[in-house]
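Enquirer: No letters, just coordinates:
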Ligand SMILES: C/C(=C\Cc1cc(O)c2ccccc2c1O)CCC[C@H](C)CCC[C@H](C)CCCC(C)C
Ligand SMILES: C[S@@+](CC[C@H](N)C(=O)[O-])C[C@H]1O[C@@H](n2cnc3c(N)ncnc32)[C@H](O)[C@@H]1O
């Protein structure tokens, strides 16, 4: 693994104990709605075999598992042992039981056969991987022809007012909240990572270059978030 990838892994291991609570507070619970929308856009259906890339503490994975039902199967993949431990614990306590397998792996080299999955989701992962084209190639390989993936992440709004507001919120509210947990640097990383992240149309272009036959980017929450929907 590259030095950059291990730095990212360390960030997520460090924030694991507070990650879920801070997401609820900072988004006023909205991240749950955005994750529900992502599962809808992935077109997951009963009985499907699906993958949730960069699953973290596993809340999107669980929404996906609910959608595919007990005849379906979901794999949650992440390289942070800290967040995966929380995902496993939450899964163990879930009733009714859900058909989820947790896999500690790098999404740039997914350890699954070609053409294996009916659908995929990814929440706040694509901006954090060290090589977006490689991640899209890796995802493309494991999806069945015709399968759809939905990728949720932050997005820089085109409206300058919204952009300033988003920047202010990330630099002041988010970082100030994180200071209380000694996680200033970890949360201060979100804003520069978003500056480097491709905008909607650029994401569409990258998906097409990876071979996806259709790619649409939807802006949500006033353009501060986005979902890239891609079909193999
Ligand atoms: C779901 C959220 C964060 C996920 C997340 C993603 C990352 O890449 C991280 C990297 C490093 C550390 C932590 C994370 C991380 O937690 C929470 C999203 C909260 C947002 C700041 C969205 C806030 C929306 C508000 C409801 C409305 C604010 C409007 C704004 C002023 C335009
Ligand atoms: C912001 S968290 C998102 C977690 C969860 N999907 C969510 O929506 O809350 C980003 C996740 O991406 C994971 N990640 C980043 N790069 C990765 C890689 N190359 N392979 C596997 N996981 C990776 C991190 O460990 C972290 O759990």
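Expert: Received, thanks. All figures in this text were calculated on a predicted structure; none of them were measured in a lab. Ligands and ions are numbered 1, 2, ... in the order given.
Enquirer: Which strand runs longest in this protein?
Expert: strand 143-154 (DSSP state E).
Enquirer: buried ones in that one?
Expert: 143, 147-154 (16 or more other Cβ atoms under 10 Å). C-beta coordinates here come from the backbone N, C-alpha and C atoms, glycine included.
Enquirer: Between the residues you listed, which sits nearest residue 72?
Expert: Compare each of the buried residues of strand 143-154 with residue 72 using Cβ to Cβ and the shortest gap goes to residue 147, at 13.4 Å.
Enquirer: hmm, back to that, quick one: list the elements packing against the longest strand of the chain.
Expert: Helices and strands in packing contact with strand 143-154 are listed as helix 30-41, strand 117-123, strand 225-231; criterion 3 or more Cβ pairs under 8 Å, 6 or more residues apart in numbering; DSSP states H and E.
Enquirer: Now do the next helix or strand after that strand against strand 143-154: the angle between them, please.
Expert: For strand 143-154, the succeeding helix or strand toward the C-terminus, using DSSP states H and E, is helix 160-168. For helix 160-168 against strand 143-154, the angle between stretch directions is 80 degrees (axes from the mean of the first three to the mean of the last three Cα atoms, to 10 degrees).
Enquirer: The following helix or strand past helix 160-168 and ligand 2, are they touching?
Expert: Toward the C-terminus, helix 160-168 is succeeded by helix 175-179 as the next helix or strand (DSSP H and E). No. Using Cβ under 6 Å from any ligand atom, we find that helix 175-179 stays clear of ligand 2, coming within 13.2 Å at best.
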